[in-house]
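Participant: Quick one: sequence plus predicted model below, questions after.
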Amino acid sequence: MIEPPPYRDPAPLAAGIAVGALVGALTAVAVFAFGAALGAVHPLLAVAVNLIAAGGAAPTAWRWRHAPVTRWVLGGGAVGVVLGWIALVIAAFGG
């Protein structure tokens with residue numbers, strides 16, 4: 001006899017999107033503020049520290065990407081880092 005697959009709770013999409021959006025916004029602000037402060041010291045210092053921090057966090061984030069709750073936090077954090085970098089580039093070259 002073939003057994004049905006085990007029951008899995010549905011993904012909490014609304015709560016996950018809310019958590020991801022909040023983490024993304026906080027991360028974007030933190031990356032921008034930290035990058036702007038380092039950029040005031042030296043622009044290459046800001047680039048180097050951001051790349052080292054992202055490269056150091058990436059392996060851990062990659063391992064946790066399938067955990068039920070952590071994936072929302074990681075997704076929001078990844079989007080926040082990218083948005084923070086875009087804001088830094090716009091601030092550096094736009095004004």
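Facilitator: Yep, that arrived.

Participant: what mean pLDDT would you report for the lengthiest helix in the chain?
Facilitator: Determined from DSSP state H, the single longest helix within the chain is helix 13-41. For helix 13-41, mean pLDDT is 95.

Participant: now it: how far from the chain's centre is it?
Facilitator: 7 Å (Cα atoms, centre = their mean, to the nearest Å).

Participant: What's the separation between residue 72 and residue 92?
Facilitator: Using Cβ to Cβ, to the nearest Å, residue 72 is found at 31 Å from residue 92. C-beta here means a position set from N, CA and C on the backbone, and glycine is covered the same way.

Participant: Find the nearest non-adjacent residue to the residue nearest the centre of the chain, please.
Facilitator: In the chain, the residue lying closest to the centroid (Cα atoms, centre = their mean) is residue 77, at 1.8 Å. Nearest non-adjacent residue to residue 77, counting by Cβ to Cβ, 6 or more residues apart in numbering: residue 27, 4.9 Å away.

Participant: ok, the one you found - contacts?
Facilitator: By Cβ atoms under 8 Å, 6 or more residues apart in numbering, residue 27 lies in contact with 76-77, 79-81, 84.

Participant: how about 7 Å then?
Facilitator: By Cβ atoms under 7 Å, 6 or more residues apart in numbering, residue 27 lies in contact with 76-77, 80-81, 84.

Participant: for these, which one is nearest residue 43?
Facilitator: Lowest distance from residue 43 to those (Cβ to Cβ) belongs to residue 84, with 15.4 Å.

Participant: mind checking how far the host helix or strand of the closest one is from the chain centre?
Facilitator: Per DSSP states H and E: residue 84 is located in helix 70-94. Relative to its chain's centre, helix 70-94 lies at 7 Å (Cα atoms, centre = their mean).

Participant: repeat for stretch 87-95
Facilitator: Counting by Cα atoms, centre = their mean, stretch 87-95 is centred 20 Å from the centre of its parent chain.

Participant: What of stretch 25-45?
Facilitator: Stretch 25-45 has its C-alpha centroid displaced from the chain centroid by 15 Å (Cα atoms, centre = their mean).

Participant: mind listing what's buried in it?
Facilitator: Buried residues in stretch 25-45, counted by 16 or more other Cβ atoms under 10 Å: 27-28, 31-32, 34-35, 38-39.

Participant: Alright, calling it a day.
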